[in-house]
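>>> Could you look at this predicted model? Sequence included:
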Amino acid sequence: MEDLPRQFTIRESSHRIHNPLTPAKLAALGAALRLPPGTRVLDLACGSGELLCTWARDHGFTGTGVDVSRVFIGSARERARELGVAGSVRFVHADASGYVAREPGAVAACVGATWIGGGVAGTVELLRRSLAPGGIMLIGEPYWRKEPPDQETAEGCGGIGSDGWAAGLPELLGVFGDLGLDVVEMMLAGEDDWDRYAAAQWLNIRRWLDANQGDELYDEMRAELTAAPVRHVRYRREYLGWGVFALMAR
């Protein structure tokens, strides 16, 4: 089983949430779902486990997080102990793309990693296999806030949309409808949220560079830090949106 590239874990080494959702918005989403204590959640590609750990603490949820990164799974387990919820949640080091819960639960989530299912449609089908009737599916996905005017802009946003799959927000919601799902809640990232997510990466990279001058990735990460801030404000901040969408089968 492959792990995440080292570049990713260097870039997001201090992140509790590996997407542009702030802690306040993650908390607001958990409250907005209005689910009872004991609700069972499956979080595929869970990263460092912040969704499961904080929702277990704040709402009494239980559940399982799955991620391919040993580093992030270790962070998730540590976070569960820190918040006193280690008895309510568990974290599994595994490839989330093939993971199905032993028993269907009330919430099945993939927040910002729909590549595990080969895109939105495949991830929806994967999550359906772990979701009880009447349950809520959570999908985190990018969309164009403004259509990029050229290929350079699309590539400056990380290549998202350069193959034609990304859409505007109305079109993305239409995709969910075409898959037989009602959109029942959403939490969208704004420009400030992108700033917090991206700028924390720059500090992580700089501190890693200062401590690892002989590393084989040094030149690559040095080049990334040089280019990333300008690329962010020129492209991604303006053009790329991101949100978490709560979905229920029709």
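Perfect, thanks for sending it. Numbering: from 1, shown residues only.
>>> ok, then the element right after the lowest-mean-pLDDT helix or strand in the chain?
One helix or strand of the chain scores below all others by mean pLDDT, DSSP states H and E: helix 151-156, with a mean of 87. The first helix or strand that comes after helix 151-156 along the chain, using DSSP states H and E, is helix 169-178.
>>> Could you tell me the end-to-end distance of stretch 232-241?
Terminal residues of stretch 232-241 are spaced 13 Å apart (Cα to Cα, to the nearest Å).
>>> Not counting its own residues, what contacts that stretch?
142-148, 153, 156-158, 160, 169, 188-189, 191, 194-195, 198 (Cβ atoms under 8 Å, 6 or more residues apart in numbering). Using the backbone N, CA and C atoms, a C-beta is placed for each residue, glycine as well.
>>> Swap in 6 Å and give it another go.
Applying Cβ atoms under 6 Å, 6 or more residues apart in numbering, the external contacts of stretch 232-241 come out as P142, Y143, R145, K146, P148, T153, G156, C157, E191, W194, A198.
>>> So which of those residues belong to strands?
P142, Y143 (DSSP state E).
>>> Buried among the contacts of stretch 232-241? Need that as a selection in ChimeraX.
With 16 or more other Cβ atoms under 10 Å as the criterion, this ChimeraX line picks the buried residues out of the contacts of stretch 232-241:
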select :142,143,145,148,153,156,157,194,198
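>>> May I have stretch 127-142 exported as CSV, CA atoms only?
What follows is stretch 127-142, C-alpha atoms only, in CSV (Å, rounded to 0.1, in the frame of the first residue of the first chain):
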residue,chain,number,x,y,z
LEU,A,127,-20.0,6.0,0.2
ARG,A,128,-23.4,4.6,-0.6
ARG,A,129,-22.1,1.2,0.4
SER,A,130,-21.4,2.3,4.0
LEU,A,131,-24.5,4.5,4.4
ALA,A,132,-27.7,3.4,6.1
PRO,A,133,-31.1,4.3,4.5
GLY,A,134,-31.9,7.9,5.3
GLY,A,135,-28.3,8.7,6.1
ILE,A,136,-26.2,11.7,5.1
MET,A,137,-23.3,11.7,2.7
LEU,A,138,-20.6,14.4,3.0
ILE,A,139,-18.6,15.3,-0.1
GLY,A,140,-15.9,18.0,-0.1
GLU,A,141,-15.1,19.2,-3.6
PRO,A,142,-13.6,22.2,-5.5
